[in-house]
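Q: Based on what follows, work out the 3D shape:
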Amino acid sequence: MAPRLVILDRDGVINQDSDNYIKSLSEWVPYPSAITAIARLSQQGWTVAVATNQSGIARGYYDEATLEAMHTRMLSLVEAEGGRIEHIAYCPHISEDRCDCRKPLPGLLRQIQAALALDSLEGAWMVGDSYRDLEAGAAMGCRLALVRTGKGERTLAKHPELGRTDSEAEVHDDLAGFVDQLLQGNLDT
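A: Predicted coordinates:
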């Protein structure tokens with residue numbers, strides 16, 4: 001049986017993204033509808049986790065304490081709406097580090113699988129705004145959803161096949177739109 005798990009990318013899905021990186025707590029600006037959507041998932045019995053590349057750490061733009069402050073804020077906002085994020089996995093590396101956790105590699109998803117003591121992620125949802133999010137999810141057998149927020153429109157422009165009805169990925173305007181469809185039973189679950 002597929003786990004009732006939704007794995008979210010962070011920047012561009014939960015909060016506004018920036019090509020200049022989100023480097024401080026003041027730059028971390030959540031989409032209010034995303035916070036509410038995460039809470040709704042939790043309230044309906046779904047487990048929510050986050051898998052996020054954070055190469056700004058390796059680049060020296062911010063440190064792990066700053067990242068922790070952003071995540072503390074995110075968790076508190078979700079909890080204030082009656083929801084919960086069970087686990088946050090992040091990759092602090094750049095491509096040249098040759099780690100196994102930087103998406104599109106599935107290492108972050110494996111960390112989530114281990115942290116949640118799941119036998120498999122087969123059938124869980126991976127929701128992102130970039131092709132690398134979808135690649136990481138596909139490598140673990142996840143169902144895929146792309147949001148148009150963040151880098152989502154650019155991703156669709158580069159990979160127009162994602163917008164076709166026969167695509168492996170669902171496409172939604174934002175996280176709230178995905179959650180609406182999921183909770184209404186309009187997505188294969």
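Q: what element comes up after the longest helix seen in the chain heading to the C-terminus?
A: Determined from DSSP state H, the single longest helix within the chain is helix 64-80. Toward the C-terminal end, the helix or strand that comes next after helix 64-80 (DSSP states H and E) is strand 87-91.
Q: Just the CA trace of that following strand, in PDB.
A: Below are the C-alpha coordinates for strand 87-91, written out as PDB (Å, rounded to 0.1, in the frame of the first residue of the first chain):
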ATOM      1  CA  HIS A  87      10.800  15.700   8.600                       C
ATOM      2  CA  ILE A  88      12.900  18.200   6.800                       C
ATOM      3  CA  ALA A  89      15.900  16.800   4.700                       C
ATOM      4  CA  TYR A  90      18.300  19.300   3.200                       C
ATOM      5  CA  CYS A  91      21.400  19.100   1.100                       C
END
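Q: What is that strand packed up against?
A: Contacts defined by 3 or more Cβ pairs under 8 Å, 6 or more residues apart in numbering; DSSP states H and E place strand 87-91 against strand 47-53, helix 64-80, helix 107-115. Every residue, glycine included, has its C-beta placed from N, CA and C.
Q: For the longest helix of the chain, buried residues please.
A: Neighbour-count burial for helix 64-80, counted by 16 or more other Cβ atoms under 10 Å, picks out 66, 67, 70, 71, 74, 75, 77, 78.
Q: Would you mind putting those into JSON lines with pLDDT and distance to residue 146 alongside?
A: Below are the buried residues of helix 64-80 laid out as JSON lines (pLDDT from 0 to 100; distance: Cβ to Cβ, whole Å):
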{"residue": "66", "pLDDT": "98", "distance to residue 146": "28"}
{"residue": "67", "pLDDT": "98", "distance to residue 146": "25"}
{"residue": "70", "pLDDT": "98", "distance to residue 146": "23"}
{"residue": "71", "pLDDT": "98", "distance to residue 146": "23"}
{"residue": "74", "pLDDT": "98", "distance to residue 146": "21"}
{"residue": "75", "pLDDT": "98", "distance to residue 146": "25"}
{"residue": "77", "pLDDT": "98", "distance to residue 146": "24"}
{"residue": "78", "pLDDT": "98", "distance to residue 146": "22"}
